[in-house]
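# what's the 3D shape of this:
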Amino acid sequence: MGIEPHADGAYYVGFRVGDQEIGLDPNGHNAGMTGPVGYWHVDDIEKTLRLLLDAGAQMQQEVKDVGGGKLIASVRDADSNIVGLIQSP
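So this is what the prediction gives:
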């Protein structure tokens, strides 16, 4: 992409391209991530997660603070797509 990562660690490598965050998780495959995961920005991650689970999605990754109060979680839908959620502090 022609830019240096803003974060480069054993757990995460992050790039910012304009307003877009592109993150690479070197251990993602161990967590069932076999391809890109899009993260939807939500105001209330717990509420949104509950709505998705009640609609039939399966938990992929429980709510996790990834630093600075930023929360992420993900579910697997009926077609085995992984859908990520992100809530900013």
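# who's in contact with the nearest residue to residue 59 once chain neighbours are set aside?
Using CB to CB, 6 or more residues apart in numbering and skipping the chain neighbours, the partner closest in space to residue 59 is residue 75 (6.1 Å). Quick note: C-beta positions are derived from backbone N, CA and C, even for glycine. By CB atoms under 8 Å, 6 or more residues apart in numbering, the residues touching residue 75 are 49, 52, 53, 57, 58, 59, 60, 82, 83, 85.
# quick one: strands adjacent to the host helix or strand of residue 75?
Using DSSP states H and E, residue 75 sits in strand 71-76. The pairing partners recorded for strand 71-76 under DSSP bridges are strand 58-65 (antiparallel), strand 82-87 (antiparallel).
# and the contacts of residue 75, which are buried?
49, 52, 57, 60, 82, 83, 85 (16 or more other CB atoms under 10 Å).
# quick check: the gap between residue 67 and residue 23.
Counting by CB to CB, to the nearest Å, the gap from residue 67 to residue 23 is 12 Å.
# who has more neighbours, the two?
residue 23 (16 against 8; other CB atoms under 10 Å).
# pLDDT wise, what is the more buried one at?
For residue 23, the pLDDT comes out at 83.
# can you pull the contacts of the closest residue in space to it that isn't next to it in sequence?
Take residue 23 and drop its neighbours on the chain: the residue closest to it by CB to CB, 6+ apart is residue 14, 4.7 Å away. The neighbourhood of residue 14, defined by CB under 8 Å, 6+ apart, consists of 5, 6, 7, 8, 21, 22, 23, 24.
# okay if I get these as CSV plus secondary structure and distance to residue 41?
As requested, the contacts of residue 14 are arranged in CSV below (DSSP: H, G, I helix; E, B strand; the rest coil; distance: CB to CB, whole Å):
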residue, secondary structure, distance to residue 41
5, coil, 21
6, coil, 18
7, strand, 19
8, strand, 24
21, strand, 10
22, strand, 15
23, strand, 14
24, strand, 19
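# what comes up buried for the least confident helix or strand in the chain by mean pLDDT?
Within the chain, no helix or strand scores below strand 20-24, which has a mean of 83 by mean pLDDT, DSSP states H and E. Residues of strand 20-24 classed as buried: residue 23 (neighbour count, 16+ other CB under 10 Å).
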